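S.K.: Need coordinates for the below:
(chains A and B)
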Amino acid sequence: MSLFLIKSIAITFSNIKSNKQLFLLSVATNFIAFFVLGLFFLLFVNLNVFFSSWDNHVQLIVYLDDNISNKNKNKIKLLLDTNDQIESVDFISRDQAWAIFQNEFEIKSNFITSLKYNPLPASYVIKFKNDKNRLENIKAFSLKIKDSRGIESLEYGEKWISKFEQFMIFLRGFILIFGVLLFSGMTLIISNTIKFSIYTRKDEIDLMSLLGATHFFIKAPLVLEGIMQGILGAFFSLAGIKLVCTYMIFKFHGSLDSILRGVDFQFFTSPIIFSILSTGIIIGILGSLLSVNQFLDTRKLE
Amino acid sequence: MIKAFNLYKSYGGVSSVLSDISFEIQDGEFVFLTGPSGAGKTTLFKILFGWEKFDRGQILVGGINVGKLNQKNLYLLRRKIGIVFQDYKLLAKKSVFENVAFAQEIIGTDTKTVKSKTWNALKSVGLVKKKDSYPSQLSGGEQQRVSIARAMVNNPDLILADEPTGNLDSEISKEILGLFEKMNKQGKTIILATHSSEILREKKYRRLSLNQGKLVKFN
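M.R.: Numbers count the residues shown, from 1 in each chain, chains lettered A, B, ... in the order given. Sure thing, here's the model as predicted:
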């Protein structure tokens, strides 16, 4: 078996050597395809991470009517106190809200801070417990209390979150369709390169068959050549994406802290890297088998 | 060694190439396959080593029922046969030694055995001194000797030679024929296709004569 493997690898390298340019062209094409797809995937992964971290900062703010009765206020307080998903509740009175607002905007706008009356409502700032269904819990609780008497409005960035979720669904679909197209394209590119490799060695392959080589022995070096093309394309694309990633971290680290809330731009995790390399291998196997089987079929007994 | 029963072969079911061919060749025999061009000699050879299928009949080679083989297990048949072609079919980028070694490497022979068997095969065809030459540097007769060395190196029971002297002059042809006779004396079954009247006149081996796809004589 080891002799067979050594022989197959030797034939593979000899094939690559004699079709060097075509091999490199195929690797380069695979690299570009993997790189483009990888960048989209990296964006998706990072947006997911960012979304999850942002998710942890989402809190529900319940704005109260200015003339809310004590009875209604107590009812709302009771609802908050009896919900076991809620971690903490802070009451911000109208005066406190105005003071915070003035504090934050006094330098930026004299017009707002010079108003003679307080336009802000009192509110409850509700923080929910960390839970994988945190956002769902917030949504559910909002629905439950939104029609309660004395509540002016609710705020937890619902519209923004919904748009973001829709964008993520779109991005996932886009990556999937784009991925399938590129997967097929790359498979065909490898298939054509191997086909060329087969036809330049047609006589040798026929001779191998006539001299008693098994199909497995004939196929193995060609499949290995396909695997090399796929995995090298994937590997170089990962290296390229890593460079882009390092540049992003170097360029934007710190400057986007207020938006990213301490979340750094991330490279792929080990399982994702492994999956991308495996995809390269699968593409290589499929592409080469497509051509080898096609060729051997034409050598069928007639 | 070979038993053929009522063998028929046509292309596209119309043009008949072989028709009702039956014969039997014993182990260790030397047989000439003769007939004019287009008689079906090459087709019969191709059937014998499983390159082409036949329409009807049965053929057994070394106990293997050729008609029952599929593409994946054909190698079992081909490992029993050494094939010598009129156009040699040597690999231009490989040296004489590598061409002969190639036949062993592709069936998984270990490196040490490959070296010693290749050396012996080249010795028996008198080409040791040319072991590092490339086919383009050899004469026709030398190239055919390499081809014979390659056919015999795996020690097959049967040697099929399709017009091995077709491209060679009469002196070289005799030398080549001598090599086949030498292998025959070592117990190999030889089937040699030829239409050289000189060879046929001089050598009195059994003849399988085909004409227009029919067996006209097997004495």
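
S.K.: any low-confidence regions in chain B?
M.R.: B:13, B:219 (pLDDT under 70).

S.K.: biggest helix in it, by residue count?
M.R.: Secondary structure of chain B per DSSP state H: the longest helix is helix B:170-185.

S.K.: which residues are contacting it?
M.R.: Helix B:170-185 is touched from outside by B:28, B:30, B:124-125, B:139-141, B:144-145, B:148, B:152, B:159, B:161, B:164-165, B:168, B:190, B:192, B:196, B:198-199, B:203, with contacts defined as CB atoms under 8 Å, 6 or more residues apart in numbering or on different chains. For every residue, glycine as well, the C-beta is placed using N, CA and C.

S.K.: helices and strands of chain A: which one bottoms out on pLDDT?
M.R.: Ranked by mean pLDDT, DSSP states H and E, the weakest helix or strand in chain A is helix A:257-260, scoring a mean of 58.

S.K.: which residues of chain A score low on pLDDT?
M.R.: Ranges of chain A meeting pLDDT under 70: A:1, A:54-56, A:106-114, A:253-263, A:299-302.

S.K.: residues from it in reach of chain B?
M.R.: Contact residues (CB under 8 Å from any CB of the partner chain) of chain A with chain B: A:3-4, A:7, A:203-204, A:207-215, A:217, A:296, A:299-302.

S.K.: Mind listing what's buried along the strand or helix carrying A:Ala10?
M.R.: A:Ala10 belongs to helix A:2-18 when assigned by DSSP states H and E. The neighbour-count check on helix A:2-18 (16 or more other CB atoms under 10 Å in any protein chain shown) flags A:7-8, A:11-12, A:15-16 as buried.

S.K.: Please write out the alpha-carbon positions of that helix in CSV.
M.R.: What follows is helix A:2-18, C-alpha atoms only, in CSV (Å, rounded to 0.1, in the frame of the first residue of the first chain):
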residue,chain,number,x,y,z
SER,A,2,2.8,2.4,0.9
LEU,A,3,4.6,1.6,-2.4
PHE,A,4,1.3,2.2,-4.2
LEU,A,5,1.0,5.6,-2.5
ILE,A,6,4.6,6.6,-3.2
LYS,A,7,4.2,5.6,-6.8
SER,A,8,0.9,7.5,-7.1
ILE,A,9,2.4,10.7,-5.5
ALA,A,10,5.4,10.4,-7.8
ILE,A,11,3.2,10.2,-10.9
THR,A,12,1.1,13.1,-9.6
PHE,A,13,4.2,15.3,-9.2
SER,A,14,5.4,14.3,-12.6
ASN,A,15,2.0,15.2,-14.1
ILE,A,16,2.1,18.5,-12.4
LYS,A,17,5.6,19.2,-13.6
SER,A,18,4.7,18.5,-17.2
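
S.K.: And the contacts of it?
M.R.: So helix A:2-18 is contacted by A:23, A:197, A:200-201, A:217, A:220-222, A:224-225, A:228, B:105, B:108, B:110-111 (CB under 8 Å, 6+ apart).

S.K.: 6 Å instead, please
M.R.: Residues outside helix A:2-18 that contact it (CB atoms under 6 Å, 6 or more residues apart in numbering or on different chains) are A:23, A:197, A:220-221, A:224-225, B:108.

S.K.: ok, and the most crowded of those residues?
M.R.: A:Glu225 (28 neighbours; other CB atoms under 10 Å in any protein chain shown).

S.K.: can you pull the buried residues of the host helix or strand of that one?
M.R.: Following DSSP H and E, one finds A:Glu225 within helix A:215-252. The neighbour-count check on helix A:215-252 (16+ other CB under 10 Å) flags A:215, A:217-238, A:240-241, A:245, A:248 as buried.

S.K.: The contacts of helix B:170-185 in helices, which ones?
M.R.: B:124, B:140-141, B:144-145, B:148, B:152, B:198-199.

S.K.: Just the buried ones from those?
M.R.: B:124, B:141, B:144-145, B:148, B:152, B:199.

S.K.: which among those gets closest to chain A?
M.R.: The closest of these to chain A turns out to be B:Met152 (CB to the nearest CB; 12.1 Å).

S.K.: which residues touch the closest one?
M.R.: B:Met152 makes contact with B:82, B:121, B:183, according to CB under 6 Å, 6+ apart.

S.K.: so how far is chain A from the last one?
M.R.: According to CB to the nearest CB, to the nearest Å, B:Met183 stands 17 Å off from chain A.

S.K.: What about that residue, how many residues nearby?
M.R.: Residues near B:Met183, counting by other CB under 10 Å: 22.

S.K.: Spell out, range by range, the strands that occur in the stretch 101-250 of chain A.
M.R.: Using DSSP state E, counting those that start in this stretch, the strands of the stretch 101-250 of chain A run over A:123-128, A:151-155.

S.K.: Out of those strands, flag the one nearest B:Leu208.
M.R.: strand A:123-128 (93.4 Å; CB to CB).

S.K.: what's that closest one packed up against?
M.R.: Contacts defined by 3 or more CB pairs under 6 Å, 6 or more residues apart in numbering or on different chains; DSSP states H and E place strand A:123-128 against strand A:60-64, strand A:86-92, helix A:134-145.

S.K.: Return the most buried member of these.
M.R.: strand A:60-64 (a mean of 21; mean count of other CB atoms under 10 Å in any protein chain shown).

S.K.: tell me how far that one is from the chain's mean position?
M.R.: Taking CA atoms, centre = their mean, to the nearest Å, the mean C-alpha location of strand A:60-64 is offset from the chain mean by 33 Å.

S.K.: Next SSE downstream of that strand?
M.R.: Note on strand A:60-64: by DSSP H and E, the next helix or strand toward the C-terminus is helix A:70-81.

S.K.: and that next one with helix A:134-145, angle?
M.R.: 150 degrees (axes from the mean of the first three to the mean of the last three CA atoms, to 10 degrees).
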